[in-house]
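Q: Attaching a predicted model along with its sequence, questions to come.
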Amino acid sequence: MSDITVKDFDSWVKPSWCPGCGDYGIFAALKHSLAELGVAPHEALVVSGIGCGSKLPDYMHVNGLMTIHGRPLAVATGAKLANHALTVLVVDGDGDAYGIGGNHFIHTARRNPDITHIVENNQIYALTKGQYSPTTPQGRVTTTSPEGVIERAVNPVAVAMAMGATFVARGFAGEPKHLAGLIEEGIRHPGYALIDVLQPCVVFNRVNTYAWYGERVYKLEEAGHDPYDRAAAQRVAAEWDDRIPIGVILREDGAPSYERQVPALNAGPLVERSLTDVADIGALLRRFM
Ligand SMILES: Cc1ncc(C[n+]2csc(CCOP(=O)(O)OP(=O)(O)O)c2C)c(N)n1
Ligand code: SF4
Ligand SMILES: [Mg+2]
């Protein structure tokens, strides 16, 4: 039994999210899952991008890094390659993860580094005041789609599966206990784990509210879904509107993580090696001086 508690992750910086924002539920779930797993603040790294949700590392006592918009997965992959022992998480918004960071998203899913990716999916660009995002439903009126969004919405869980992801889940910010369980499973999974989180934005998304989700979400584990069955996972991933599944949609055990397969790291992660073991510093200096 670990003596790490949720309080260990408390910071003196108070969140500036709007009252009622779904990010509070996600924040609580994340702290709870780390405490439950006995991961101490110095053993975890939380990387974010830019957005309302991406402010999260600022509010938490943990190794935190707010990167640039759309790039947290690339930075997190570098950290994991350097230090395999670190529990690496990425927390960012739907615009960050699936829009500007969409290319990193699909390639990280197929690369399979041991990173847990929590996406605060409010279906809008909230920080910049209400432009439509890749997950905004087709036809929705926003500040940048006054006549309705033309494009079809991205289905992130289906995309992750198509790219070969080995752990794909969906949570709901209004069910933080359930979400904490999903985050725990994602952290335990030794590969890339996507946890797309339905996150009400009480200011810029007045349609997908707590009540709207509350009437629709159902738990996959209670419905007898088998996450090891890829065909069943594809069917579940296609469900939306009247019934929205939350829980582990797909998992695959035994696939090696990316960092375990990089030949240059056969002798161990960089943090465990001396600089002279990794490179001939003298030769490098002579070449570039
Ligand atoms: C390269 C770059 N392009 C655009 C922006 C402006 N920008 C900041 S946050 C953001 C959208 C954030 O949306 P999302 O990731 O969904 O986060 P949310 O605010 O909804 O939590 C944009 C477009 C930026 N900071 N950097
Ligand atoms: S604008 Fe929306 S996403 Fe941003 S803090 Fe407020 S409720 Fe949360
Ligand atoms: Mg968003």
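A: Yep, it's here. Numbering: from 1, shown residues only. Ligands and ions are numbered 1, 2, ... in the order given.
Q: Show me where the chain has its helices.
A: 23-37, 72-82, 94, 102-111, 156-162, 176-188, 210-214, 230-237, 275-278, 281-288 (DSSP state H).
Q: Report how many residues lie close to V217.
A: Residues lying near V217 (other C-beta atoms under 10 Å) number 19. The C-beta positions use only the backbone N, C-alpha and C, and glycine is treated the same way.
Q: Please determine how far it is located from F167.
A: Noted for V217: a distance of 20 Å to F167, by C-beta to C-beta, to the nearest Å.
Q: Tell me the residues of the stretch 1-150 of the chain that contact ligand 3?
A: The stretch 1-150 of the chain comes close to ligand 3 at residues 93-95, 122, as judged by C-beta under 5 Å from the ion.
Q: Could you list the low-confidence segments of the stretch 1-150 of the chain?
A: 1 (pLDDT under 70).
Q: Return the residues of it in contact with ligand 2.
A: Neighbours of ligand 2 within the stretch 1-150 of the chain, by C-beta under 6 Å from any ligand atom: 17-18, 21, 23, 52, 122, 126.
Q: got TSV for these, with distance to I68 and neighbour count too?
A: Compiled in TSV, these are given as follows (distance: C-beta to C-beta, whole Å; neighbours: other C-beta atoms under 10 Å):
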residue	distance to I68	neighbour count
W17	21	19
C18	24	15
C21	23	23
D23	20	27
C52	16	26
N122	20	30
A126	18	27
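Q: before we move on, the earlier item: of the helices of the chain, which stretch is the most buried?
A: Of all the helices of the chain, helix 94 carries the top mean neighbour count, a mean of 28, counting by mean count of other C-beta atoms under 10 Å.
Q: gap between the nearest residue to V39 once chain neighbours are set aside and H107?
A: Sequence neighbours aside, T87 is the residue nearest to V39 in space, at 5.0 Å (criterion: C-beta to C-beta, 6 or more residues apart in numbering). Separation of T87 from H107 (C-beta to C-beta): 22 Å.
Q: Same check on D3?
A: Distance from D3 to H107, by C-beta to C-beta: 39 Å.
Q: Not counting its neighbours along the chain, what's nearest the residue in the chain positioned nearest to ligand 3?
A: In the chain, the residue that lies nearest ligand 3 is G93 (3.7 Å; C-beta to the ion). With C-beta to C-beta, 6+ apart as the criterion, G93 has its nearest non-adjacent residue at 3.7 Å, and that residue is G51.
Q: OK, contacts around the one you found?
A: 69, 92-93, 95-96, 120, 125-127 (C-beta atoms under 8 Å, 6 or more residues apart in numbering).
Q: With distance to ligand 1 added, can I get the residues of the stretch 1-150 of the chain next to ligand 3 in CSV?
A: Shown next, in CSV, are these (distance: C-beta to the nearest ligand atom, whole Å):
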residue, distance to ligand 1
G93, 2
D94, 4
G95, 3
N122, 5
